[in-house]
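> any chance you could fold what I've pasted below:
(one chain, ligands or ions: 1)
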Amino acid sequence: MVRLSSLVRNLKAETAFTVLALARTLKAQGKDVVELEIGDSPFPSPPHAKAAGIQAIEENRTGYGPSLGLAEFRASAANFVNVEFGHNVTAENIVVASGAKPFEQYFAEAFLEPGDGVLLFSPHFPTYIPNLERRGARAVLVPLRVEDDFRPRPADVARFLESDAKPRAIFLNSPHNPTGGIATRDDLEAIASLVRGTDVMVFSDEPYCHMVWRGRHESIGALPGMLDHTVAAYTFSKSYSMSGWRIGFAVAPPEVVQAIGNLINTTASCSPPFVQWAARAALEQDAASRDETMQLFRHKVERLAAGLAKIDGMRVVPPAGTFYVFPDVRPLCNRLGISSHGLALYLLEDADDKFGVACLGGESFGAAGRGFLRFSCAETDERIDQAVAFLPEALSRTDRIAQFLKRRPEFVLETPFELR
Ligand SMILES: Cc1ncc(COP(=O)(O)O)c(C=O)c1O
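Next up, the predicted model:
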C-alpha cells in the first residue's frame, strides 16, 4: 500500500482546474459547454512574442540557462516594471520562473518557519494556503467585504501585526482574483506604513496589473522603502495571453533574488530560454497589441457584468479590475436551497442535457467566498451572451435542481445566508 505524506493527503488543489477537467470531459461526450471557469484568455499570444519564440527554437536556444533567468530578460523586465509601475530596480532585482504561481512556494520557502503567521485577505487565490502548509506556516484569514468594494482594510493589517503571536508575512493580490477589487494607493500607503521597520514580508501577487478598469495599478513594492519588504510576482499569462508558455518573474531585493535562484536550482533548474526570448519580445515590442487586448477584456467584463446584473437574485459589484465577475448569489442560493458551488456545478452538469455553463462557486476561494459565483471572460462575446441568456432558464428548472441535489446532497444549503 502506498503511503503518501500528510502534506499531499491534505493538499487542496485549485478548483478551476478540477472544473476545467469536468467541462472538457462533458465536451468530449458531446455537450456544448461555455467555459467561464478558468481565468484564461481567449486571445492568441501577441505576434512578436510568437515570432521570437519560434526564432529562438530555430536558433537552438533550447538548452539549460541560468537559474535566475537570462541576463537579457532580467534587464528588460526591470526596465518594464520601472516604466509601467514606478519601481526603481535593476536586473539584480529580477528572478524568472514558470508563471507567477511558483513564487508562492518560493516566498514561503524563503521566509517562513513553522508556526509563522501569514495574513491572507479572503476570498483568496486557492494555492496560497497549500504553499504556506509546505512550511507549516499559519494562514490568518481576514475578509474582504463587498461593502468595501473588496479593498483590503489597513486596520486588519494593524490588528494582525499587533495581536498575532508570530506575524511574519502578508499576501496582497491587487487587482484581486476572484472579486475584481483593487487596492488604492492610499490603501497600500497605509499598509506600507505599518510594515516598514518590522521584519514582515509582503507577497504582492500582481498577475492582473494591466487589467485595471478604474483608477490605476499600484504596486506596494514601488513605495518608498518597501522593496526590502516585498516579493512582487508578475506573469505573462494574463497581460500577454501566454498562460501556456508558463513564464513570469518576481521583483525582490537582490539577496532574496539569489535565495529564490537557489530554490529554483534545486527544483526546476531554470526557465526555458526560448520562452524567455519570447517573453522579452512581448515586453519590448508587444505593448500596443497588449493594450488593444486589454480594451477587449474591458468590454467583455463590462458586458458580462451588465448581463449578470439583470438576472433576478444576482447582485453584481462592477469589477474595478481583472477579467472576473463575482456576483453575490446569496438570495438565489437561499431560494433554491443550494450552495454556491453546487449552483455552479448544476449549471454545468444538470441544468440541461445539451448545454452547460462552467463557472466556480466562491467557496473555491475560501469560506469567505460562500454565496458568490466567479465567472471569467475566457470565451468570445457571443459565447458569453449565450451563457448569460441560459442562466434564467436554468435557474427556473426547479425539478432539475431538485434532481441535482438528490444526486449530490453535499451541495444542499444547510443554513440559509443572512441577507442584509
Ligand atoms: C491571483 C493569482 N495568482 C497567480 C496566478 C497564477 O498565474 P500564472 O499562470 O502566472 O502562474 C493566478 C492565475 O489565475 C492568479 O489569479
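
> from the ligand, how far off is Ala378?
11 Å (C-beta to the nearest ligand atom, to the nearest Å). Bear in mind the C-beta positions are built from the backbone N, C-alpha and C, glycine included.

> packing partners for the helix or strand containing Ala233?
Secondary structure from DSSP states H and E places Ala233 in strand 230-235. Here strand 230-235 touches helix 71-85, helix 102-111, strand 201-205, strand 248-251, going by 3 or more C-beta pairs under 8 Å, 6 or more residues apart in numbering; DSSP states H and E.

> now with 10 Å, please.
Secondary-structure packing of strand 230-235 (3 or more C-beta pairs under 10 Å, 6 or more residues apart in numbering; DSSP states H and E): helix 71-85, strand 94-97, helix 102-111, strand 167-173, strand 201-205, strand 248-251, helix 254-265.

> contacts for the strand or helix carrying Asp399, please.
Secondary structure from DSSP H and E places Asp399 in helix 398-407. Here helix 398-407 makes contact (C-beta atoms under 10 Å, 6 or more residues apart in numbering) with 335-339, 342-343, 345-347, 349-353, 394-395, 397, 411-413.

> next, the buried residues of it.
For helix 398-407, a neighbour-count test (16 or more other C-beta atoms under 10 Å) marks 400-401, 404-405 as buried.

> got it, and stretch 143-163?
143-144, 146, 149-154, 156-157, 160-161.

> farthest-separated two in the residues you listed?
Val146 and Leu161 (25.1 Å; C-beta to C-beta).

> how is the chain carved up into domains?
Per automatic domain parsing, the domain ranges recorded for the chain read 6-44+290-408, 47-285.

> surely Lys300 meets Thr380?
Yes. With contact defined as C-beta atoms under 10 Å, Lys300 counts as touching Thr380 (8.8 Å).

> for those two, indicate the residue with more neighbours.
Lys300 (20 against 13; other C-beta atoms under 10 Å).

> how much space separates that one from Lys310?
Distance from Lys300 to Lys310, counting by C-beta to C-beta, to the nearest Å: 16 Å.

> just Thr267 next, same as before
With C-beta to C-beta as the criterion, Thr267 and Lys310 are 48 Å apart.

> and for Leu405?
26 Å.

> what does the chain put close to the ligand?
39, 99-101, 125, 173, 177, 205, 207, 235, 237, 243, 248 (C-beta under 6 Å from any ligand atom).

> can I get these in JSON lines including neighbour count?
Listed next are the residues of the chain next to the ligand as JSON lines, based on neighbours: other C-beta atoms under 10 Å:
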{"residue": "Gly39", "neighbour count": "23"}
{"residue": "Gly99", "neighbour count": "20"}
{"residue": "Ala100", "neighbour count": "23"}
{"residue": "Lys101", "neighbour count": "20"}
{"residue": "Phe125", "neighbour count": "23"}
{"residue": "Asn173", "neighbour count": "28"}
{"residue": "Asn177", "neighbour count": "26"}
{"residue": "Asp205", "neighbour count": "27"}
{"residue": "Pro207", "neighbour count": "24"}
{"residue": "Thr235", "neighbour count": "27"}
{"residue": "Ser237", "neighbour count": "22"}
{"residue": "Ser243", "neighbour count": "18"}
{"residue": "Gly248", "neighbour count": "26"}
